[in-house]
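[1] make a model of this:
(chains A, B and C)
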Amino acid sequence: MRKDSEEMCDSSNCFPLQAMESAKLETVCIFGTGDFGRSLGLKLLQCGYSVIFGSRNPKSSNLVPKGAEILNHAEAAKKSAIIIIAVHREHYDFLRGLADVLKGKVLVDVSNNLKINQYPESNADYLAGLLPGCKVVKAFNTVSAWALQSGTLDASRQVFLCGNDAKAKEAVMEIARSLGLMPLDQGSLLAANEIENYPLQLFPMWRLPCYICAVFTVLIFLYCLVTEVFHPLATRKEDTSYLIAISIPNRVFPVVSLILLALCYLPGILAAIIQLYKGTKYSRFPDWLDQWMLCRKQLGLVALAYAFLHAIYTLVMPIRYYVRWWTNSYLITQIKDNATYPFSNYYAWLSDSYVALGILGFFFYVLLGITSLPSVSNAVNWREFRFVQSKLGYLTLVLCTAHTLFYGGDRFIFGPFYRWYLPPVFVVSLIIPCAVLAMKFILIIPCLDQKITRIRQGWERKSKTANMNC
Amino acid sequence: MRKDSEEMCDSSNCFPLQAMESAKLETVCIFGTGDFGRSLGLKLLQCGYSVIFGSRNPKSSNLVPKGAEILNHAEAAKKSAIIIIAVHREHYDFLRGLADVLKGKVLVDVSNNLKINQYPESNADYLAGLLPGCKVVKAFNTVSAWALQSGTLDASRQVFLCGNDAKAKEAVMEIARSLGLMPLDQGSLLAANEIENYPLQLFPMWRLPCYICAVFTVLIFLYCLVTEVFHPLATRKEDTSYLIAISIPNRVFPVVSLILLALCYLPGILAAIIQLYKGTKYSRFPDWLDQWMLCRKQLGLVALAYAFLHAIYTLVMPIRYYVRWWTNSYLITQIKDNATYPFSNYYAWLSDSYVALGILGFFFYVLLGITSLPSVSNAVNWREFRFVQSKLGYLTLVLCTAHTLFYGGDRFIFGPFYRWYLPPVFVVSLIIPCAVLAMKFILIIPCLDQKITRIRQGWERKSKTANMNC
Amino acid sequence: MRKDSEEMCDSSNCFPLQAMESAKLETVCIFGTGDFGRSLGLKLLQCGYSVIFGSRNPKSSNLVPKGAEILNHAEAAKKSAIIIIAVHREHYDFLRGLADVLKGKVLVDVSNNLKINQYPESNADYLAGLLPGCKVVKAFNTVSAWALQSGTLDASRQVFLCGNDAKAKEAVMEIARSLGLMPLDQGSLLAANEIENYPLQLFPMWRLPCYICAVFTVLIFLYCLVTEVFHPLATRKEDTSYLIAISIPNRVFPVVSLILLALCYLPGILAAIIQLYKGTKYSRFPDWLDQWMLCRKQLGLVALAYAFLHAIYTLVMPIRYYVRWWTNSYLITQIKDNATYPFSNYYAWLSDSYVALGILGFFFYVLLGITSLPSVSNAVNWREFRFVQSKLGYLTLVLCTAHTLFYGGDRFIFGPFYRWYLPPVFVVSLIIPCAVLAMKFILIIPCLDQKITRIRQGWERKSKTANMNC
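    Below you'll find the model as predicted:
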């Protein structure tokens, strides 16, 4: 986002210089001398704040960073308008005894849980319930103590904040900014739940797409193993196991990529069919469809990753020993037979067309990937986003499907390519994309398209007054 | 930008839980029960707000989401400090009758038009004119009803706001944040015009570059068609139409890419010449030059796209049937003739140099593309940006021009490559880049360079006191 | 970030239209009629503000943009609550005389210095010291006059602000927003130093990585030159200088890339060893280690750039004259000798494995590069960031090291590959990566891993009460 002002602040010469010359910033109180409390206190000191730690055991002052005071909780709280509660939720109870001294103060809840939705209400809500006279702000929980100290804040420069008191939030945001962090206001304390769950997540939106991708990858890999390794071994005693390293992955990647790309567009079609059938857009979709629609972006990016691998696996072909050996041996045979195979315009067209379609498909694939980068998709409006994701997306699907069809070429009907009655794997890969394209083709027939458009603008079949305004 | 807090809020278990436990947020009033009004109302309800719809026909309560109240306009307005006007501009007149009850309230104009600059003043300005006692805030018009409901807010998480009253804006921003959207303050109500035009645009900055690119693409394609397909057909009755799929595009892409790259740097040179001639930087450039300068980034990205396609089209060469056939037939001829062509150090150098120059040029091309991503270009300062776009940009242009020159090699002078007196297309492609580089070379001669630098620092030829400070 | 509202504002039809119809925005005073002052004034006028210039020499009104007033300093200051000080720091002294009239006003310091840390305190601090009764806000120094006028604000749309008065800051932010810029609040006036240094920097974080990379590149290049050009020349009088264009770079790039990738992970391992040895995380690392850790991201990106070049240099191999000549001559020899080399399953496996490992390594390399884009790394939480950078990073290192090992294959032991007793360069490249992987392997032994984890959670060897909370 912006240059590392944090790192500037961290640089060695900055602390002594500024602390001398400039008036000290306000005093911040921190309850708790655990790791996070100490790291935050050190950082606050470095950035010009006065820091007072509140502790049950104020004698153990060796625990707190140099320059900070350490007092008991009540005394510490009196000295500052902002108190950071760097204590586990399980120990919040002791704060009830300090209700009088904390009255009207800003309490910053920085706590995290060990599991998602560990407690029925968020820690910040719980704190606000314990001390109704305080202004509770949830903040800093997404920042790690390690990152605060080491200055490697790349991933956690963002501080999500929420709270019911605007001024309290503004005061905490000001502190975050002084620390070189980027505060992001998330609204009222209702958002605390999400803010607390946030640092516990590990790519939640990627789980389903990766799972779907893994299932297809394993299935297609086994299919290829049977037709291309087991079949020659069983029928001709031929060892083609060396195909496992590149040739088979280079069948798996494009096939799964094409299927996943089609699966990105299938839920939109199903949604349109459901809306057409129900005649309204105000009824909920089934849960599985909702989830599917929400992970389309991730599904598309996994498909792009596979397409990328397919592209490189294809481009290295002429370098591979296996390919070079076969090319040479083919040529030697040709020379020994004194045969010259004439140049076939038809095959030149077919081969070039399928390669060109693949390249163009890959190009639009990459374009879709680039536009799904957060900073790019933030810079386009809704109309542009839909244009890219829908129009360009379908163009990509059409190009990739055509690429596979041209690759197949004559082989769709020729018997020798069927092993153990199994069709070649590219035939399998075409089922879902062709079905999606066929359904889309039906849905853009004018009469159906108009109906869907009207439904999506709020029209309902049952009530004829529904789309009247005001 | 940030994790989908919106989606978190949307998750099924969130609504009932939070609505029960937490105190309700403030009450928001919505005028209009059209699609957008209902969608926004539903979203507000889900995020903890009380929602009251104002309608001409308050009996038709089946139209509004469950949990919302529906009253006539005046009664509804009384219950809330914030009123969202989800009504078309054409119907704003009825609000005049409510002037008394609306006095001092915050009116949120969410309207969009059908065309850019449809009305002389913005809808929000018009509303502010109708109700001078109200604080009008323009907001939410960039968010689509469909996106609000489905939760697919990727492209429209940003809410552009403007208004003349800071507190009113802050209140609306708070609502936007609670809905999981990202409010972006655009200043006073003067900005409403741009905010209203924003969702109607479809890549306005890309139109001119794409048009320029399309014209060059068609011209160069026809040129190649004449020299490489029509010429052999006419002179030797040879059918080389199979070149259309890959070989000819792979001439068109690099040629157009190089021309477009040169066109990115031409306006800067023209501007410098104009400034040198006029002796001041305070006179306006002609309009065409202004427009050209503003679309340089897009021009460069189109050029990068073509360079990317050229790279892949080149890398697939050894896979193509046409190339393999010719390689084999060349080899067979060589063997039959019992000839061995000796290894030529000169050709090894020439071939490798032109490939290496192309790769390095492409590498810097990609680097330029990456630095033009919004999130990357936001992270660099002006000095760094100019270093990348100017220094690295010219390096790229020099490398790509040299790549083309080395590709040409001996062929510039050899007659056989001229068909119908037309030079090979790469000769054509070199005209603009070489002209740009030559002019740039003249402009960086110290005496001229110093003059331009001084002019750009505010010096003017006529007045000698101009660059005096204070 | 967002659409170019700036460009919208800049468009020709916007200025006259809005200036007529809408009420003028507030009045802004600018001290100084230098280049930046005039550019900012013109922009403010275009966006609807009234602008008054304060000048020592108010008669020279031809210097200021049309529509602006020009008065002497005192009169100008009286007319506006916000005064932009577009004067060099050296001339600030005259402001002392205006202390009375400036009292309570917002002074915007837009100054820049010529060198980093030119003065002991920041210009804004100095201004605040001169005029204690004013509210000083540092802003606009990152915006260039040239960019303001030409509308090419890509790189400098961000306006960093700081100041001790929240309302003064908000007023300046409002102006910045109206000008189509994006204000970023950096906290109190303490941050002015960093804000003033910011526009003077030229990729400060990239300097060390580029230097390290350059040193390794030169060393490895010379090593290859000796073994592959000088050795054949000296021993066999063979001119292999044509290898310099592609073959030798294609050894240098992968070798340096692998070394740099390993150097990204080495400091983390050294840090863990130091922490294990000292038994605490609260002691500072040596400075060189701190610096090394802070530039790991840039080091990794340089490594990725080299890996990218290696990938393309490898893929063009079959196109190169040199490679094609050797392939053909090898084939011709084979045919003449009437020999057929049998297909080797072992070599097929070896060749394909090394290619496949390289491709997968490159794939994860690219993935790491994408996640280090600011907009992507901002969208992940700390846990996800560590997962990607640590887990995926080590996976990449393992794959790339294995790729090199498989590439070596039999050649590690075969004498003919040792020239002048120098091992092939890929053996050299393996030293650091293998050392890093071996150390990492030792550090993830459970007993050591647990100890490091505890230390990083704040545990200290000497004090047993240290990790007690509150």
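[2] what's the local residue count around the residue of the stretch 1-150 of chain A found nearest chain C?
    Per Cβ to the nearest Cβ, A:D35 is where the stretch 1-150 of chain A lies closest to chain C, at 3.1 Å. Just so you know, the C-beta spots here come from the backbone N, C-alpha and C atoms, and that holds for glycine as well. The local packing of A:D35 (other Cβ atoms under 10 Å in any protein chain shown) involves 23 other residues.
[3] I'd assumed A:A145 was in contact with it.
    Yes - using Cβ atoms under 8 Å, A:D35 is in contact with A:A145, at 4.9 Å.
[4] ok, now which ones touch A:E174?
    Residues near A:E174 by Cβ atoms under 8 Å, 6 or more residues apart in numbering or on different chains: C:166, C:185, C:187-188.
[5] could you redo the last one with a cut-off of 7 Å?
    C:G187 (Cβ atoms under 7 Å, 6 or more residues apart in numbering or on different chains).
[6] returning to that earlier point: measure the residue of the stretch 1-150 of chain A closest to chain C to B:F308 for me?
    48 Å (Cβ to Cβ, to the nearest Å).
[7] and for A:F362?
    On the measure of Cβ to Cβ, A:F362 and B:F308 end up 10 Å apart.
[8] for A:F140, same thing?
    43 Å.
[9] which one's more surrounded, the two?
    A:F140 (26 against 21).
[10] can I assume the more buried one sits in a strand?
    No - counting by DSSP: H, G, I helix; E, B strand; the rest coil, A:F140 falls outside a strand, being coil.
[11] packing partners of the helix or strand encompassing A:D449?
    Following DSSP states H and E, one finds A:D449 within helix A:446-456. In terms of contacts (3 or more Cβ pairs under 7 Å, 6 or more residues apart in numbering or on different chains; DSSP states H and E), helix A:446-456 is packed against helix A:249-278, helix A:431-443.
[12] quick one: the last one to helix A:249-278, angle?
    Taking axes from the mean of the first three to the mean of the last three Cα atoms, to 10 degrees, one finds helix A:431-443 and helix A:249-278 inclined to each other by 30 degrees.
[13] convert helix A:431-443 to PDB, retaining C-alpha atoms only.
    C-alpha atoms of helix A:431-443 as PDB (Å, rounded to 0.1, in the frame of the first residue of the first chain):
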ATOM      1  CA  ILE A 431     -18.500 -33.100 -21.300                       C
ATOM      2  CA  ILE A 432     -19.000 -30.400 -18.700                       C
ATOM      3  CA  PRO A 433     -17.700 -27.500 -20.900                       C
ATOM      4  CA  CYS A 434     -19.900 -28.400 -23.800                       C
ATOM      5  CA  ALA A 435     -22.900 -28.800 -21.500                       C
ATOM      6  CA  VAL A 436     -22.300 -25.400 -19.900                       C
ATOM      7  CA  LEU A 437     -21.900 -23.700 -23.300                       C
ATOM      8  CA  ALA A 438     -25.000 -25.400 -24.700                       C
ATOM      9  CA  MET A 439     -27.100 -24.300 -21.700                       C
ATOM     10  CA  LYS A 440     -25.700 -20.800 -21.900                       C
ATOM     11  CA  PHE A 441     -26.500 -20.800 -25.600                       C
ATOM     12  CA  ILE A 442     -30.100 -21.600 -24.800                       C
ATOM     13  CA  LEU A 443     -30.300 -19.000 -22.000                       C
END
